[in-house]
Structures are given as C-alpha cells and as structure tokens.
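Asks: 3D model of this:
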Amino acid sequence: MSTPARGTHSVSRRTFVKTAAVGASIAGAPFVWRKASAQAKRIVIRDSGGPFTPAFEQAFYKPFREATGIEAVGVASAHEPTSQIKSMVDTKAYTWDMAQLSQAAAEQLVNEGGYLERHELEKDPNVAEIPAEYMTPYCVGDDVYSTILAYRTDAFKGRKAPVTWKDLLDLKGFPGRRSLRKHPFDTVEEALLADGVPKDKLYPCDVDRAFKVLDRVKKDVVVWWTGGAQASQMLKTGEIDVIPTWAARAQTVIDEGGPVKISWDQNLWAMEGWCILKGGPKADLCREFIKFASNAKRMAAFAPFIPNGPTNPNAYKYIDPKRAPVLTTFPDNKNRGIKLDHAYWASVKDKVTERFNAWLIA
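Replies: I've put the predicted structure just below:
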C-alpha cells in the first residue's frame, strides 16, 4: 500500500545540495560495481511517479549511471500495476525491465503465475544488511511507508486532538471534517482497530465487522480520497480536519509549514521493493542496480526527499538526526506500528475491493 501514485513535488535547492553531498562521499567509497556489457547499458524501472521520480533520479538513477555506465530510466505508472506486468511477461514485450512494487503487489504476481524473477542477492554485502522482514526471494525492500492519522492542529486548537483509529471514527468525541481512503487496504484495518480488535488478532480481517463499523460513519465522510496528492492538498488547504494517509504525504505538508500533526499510534506499515520482471533480457543489469540501491549511503541520500524509512538500518548513520524521527523505520515510530499482512491481502484483494466499491454506492 506503499504508497501509491503520488503528485508532483518540487525538490528544494537545500535538499538537492544535501543529497549531492552524500553522493559525493559515496563516489569516494571503495565500491566496485560490475560494468554492463557493450550491447545494452540501459534498464527501464517502473516507479511510483510524483515526487518519487526526481528523488530516485538524484539518489539512485544518476549515481548508478555514473558509477556503472548503465543508464537507469524511471517510468511512472498507475498504482499496483500487476495487470501491466502480467501482460509484459505473457507477451515477452518488456516495456519495463524491473519495477518498484508494494509487497502486496509483488506477492500477488508471484502467486498468480510466477511473474517475477528471483533476485538471488541474499549474499550481496549491501543486500545482506537489510533485515529479513524487508525481503522476499522476489523483492528487495527499498523503503518502508506507513499509513498514519494526520490532523490539522488549527482545527483542534483548545481541545483534545485525535491520535488513535478509535478517535478517527469517534465523530461525537472528536468532531471535524473526515476523509477516508477510497480503498479497503488500510481502511478495513483502521475500522477493526477502532472497534477494539487487538493488533495480534487483526488478521485474517473480519471484513463483516469492519463494514459494520464503517456503516456508522459512512454518511459523515466528506471526501473519499484516491491518491496521495489529493490527501496532501486537502490537508494543506484545510478542506478536511482529520485523515488517515501515508506519513510521507502528511510530512510534506508539515515541511512546507502547514499546521498539521502526525500520530504514529498503531501506524500501519509495509515495505516497497525492487522486483525484476520474469524472463526479461536484462535481469543481470537489474541485479546490479538493486545491489547499488541497497547500499546504506544510497538510502540515506533518498531520505531528504521522501520521508519513507530506509530498509537498510545502517542508513541512519548517514541521515541528518533532525530528519530521522519523521521516517517510518525510525525505531520509536516502527515500534508503535503494525505490519500490514500482504499475504492476506494478496489472497483477498479482488473480492474485498469489489465488495468495498459496491458498499460505497449502496
């Protein structure tokens, strides 16, 4: 649930300079990256678009090109592009060589016909630094995102602000304009946690119970949001007062000076990772990119752009201490969170999504 397609976001000069400095330090490091063959020194990587594309360009694509001679080109696409990847692999017409995907999308592709290549990089020195919870045989985690509760501080000035999912759905105790995500991912979990389901009993989700909880607030939801850019904009303009959204989206508004605060209580976190399309002709070049991007300093270079958390814990050695506390994998934030069960969602996504969409218009 990664984080889904995002809107555009300008990179400040200060952020660029800071990231360039990290890049310069890496250039002098004793890394040896295998050069590509003379035939095809180019790979196309699907990414999440919006602010991710320029961030990846500065933190990964450009430095990789300079270090290896392999051109890495980022291409944005719709959220969870599983159908597109299936089509490419089935027809052997590879528009992309690899993709940044949520763990849910990656597991779905593996379960529904083996559409991803094994990366076989577990023993690479950089990849080996990434904890097992951010790895699968088909996906190497590059960042961790989280769904949090965000609210406008000016809307709750002089009164208690919402900090839990129970508060989110308590319209009487915490009056204000609500926006919920127009998707069962996260929304089902939020409803169950609000209704008192313990986090260790959250999966498999009691979908019937979740819909009963959502029935109580459905008519009071001002906007059902569909994208990260929309969520950020509503927070920024004050169109809504309370919203569950991705931490990176709320933090962007905070960074720009908006009167917004994040609650990390029961945040719902998951990883996004690099995946290689099955049978693609440039799998080995993709592996070189994954090894490069898994380096701790590389991940540190990404942190100033997007406040998702690095999967390589050694990245925190190189991240500004003032920036670290807003990242999802910062220990205090992660310890207050709940890991989303992607195996569960990979098995029920279509059925629950169909039911959710029908419920919305009923």
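Asks: For the helix of greatest length in the chain, buried residues please.
Replies: Taking residue count as the measure and DSSP state H as the definition, the longest helix of the chain comes out as helix 342-361. Of the residues in helix 342-361, those scored as buried under the neighbour-count criterion (16 or more other CB atoms under 10 Å) are 342, 344-346, 349, 352, 356. Glycine gets a C-beta too; all of them are placed from N, C-alpha and C.
Asks: Show me the contact partners of that helix.
Replies: Contacts of helix 342-361 with the rest of the structure, by CB atoms under 8 Å, 6 or more residues apart in numbering, involve 102-104, 107-108, 111, 182-185, 187-188, 203-205, 207, 211, 214, 224, 270.
Asks: cutoff 7 Å now
Replies: Residues from elsewhere that reach helix 342-361 (CB atoms under 7 Å, 6 or more residues apart in numbering): 103-104, 107-108, 111, 184-185, 203-205, 207, 211, 224, 270.
Asks: Drop anything exposed from these.
Replies: When neighbours are counted using 16+ other CB under 10 Å, those contain these buried positions: 103-104, 107-108, 184-185, 203, 205, 207, 211, 270.
Asks: Let's have those in JSON lines, adding distance to I243.
Replies: Shown next, in JSON lines, are these (distance: CB to CB, whole Å):
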{"residue": "Q103", "distance to I243": "24"}
{"residue": "A104", "distance to I243": "22"}
{"residue": "E107", "distance to I243": "28"}
{"residue": "Q108", "distance to I243": "27"}
{"residue": "P184", "distance to I243": "17"}
{"residue": "F185", "distance to I243": "15"}
{"residue": "Y203", "distance to I243": "24"}
{"residue": "C205", "distance to I243": "21"}
{"residue": "V207", "distance to I243": "22"}
{"residue": "F211", "distance to I243": "20"}
{"residue": "A270", "distance to I243": "19"}
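Asks: and which of those residues is nearest to L277?
Replies: Taking CB to CB as the measure, L277 lies nearest Q108 of these, at 14.1 Å.
Asks: Using PDB, write out every CA atom in the host helix or strand of the closest one.
Replies: Assigning secondary structure by DSSP states H and E places Q108 in helix 103-111. Included here for helix 103-111 are C-alpha records, laid out as PDB according to Å, rounded to 0.1, in the frame of the first residue of the first chain:
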ATOM      1  CA  GLN A 103       5.000  -6.200  -1.100                       C
ATOM      2  CA  ALA A 104       1.300  -7.000  -1.700                       C
ATOM      3  CA  ALA A 105       1.600  -6.500  -5.500                       C
ATOM      4  CA  ALA A 106       4.900  -8.500  -5.600                       C
ATOM      5  CA  GLU A 107       3.300 -11.400  -3.700                       C
ATOM      6  CA  GLN A 108       0.200 -11.300  -5.900                       C
ATOM      7  CA  LEU A 109       2.400 -11.500  -9.100                       C
ATOM      8  CA  VAL A 110       4.400 -14.500  -7.700                       C
ATOM      9  CA  ASN A 111       1.200 -16.300  -6.500                       C
END
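Asks: Please tell me how far T82 sits from S102.
Replies: 10 Å (CB to CB, to the nearest Å).
Asks: Pick out whichever of the two has more residues nearby.
Replies: Using other CB atoms under 10 Å as the criterion, T82 and S102 rank with S102 on top: 27 against 19.
Asks: Tell me the bridge partners for that one.
Replies: E272 (DSSP bridges).
Asks: ok, back up a step: just want the angle from the longest helix of the chain to helix 103-111.
Replies: Helix 342-361 and helix 103-111 meet at an angle of 110 degrees, taking axes from the mean of the first three to the mean of the last three CA atoms, to 10 degrees as the criterion.
Asks: Lovely, talk soon.
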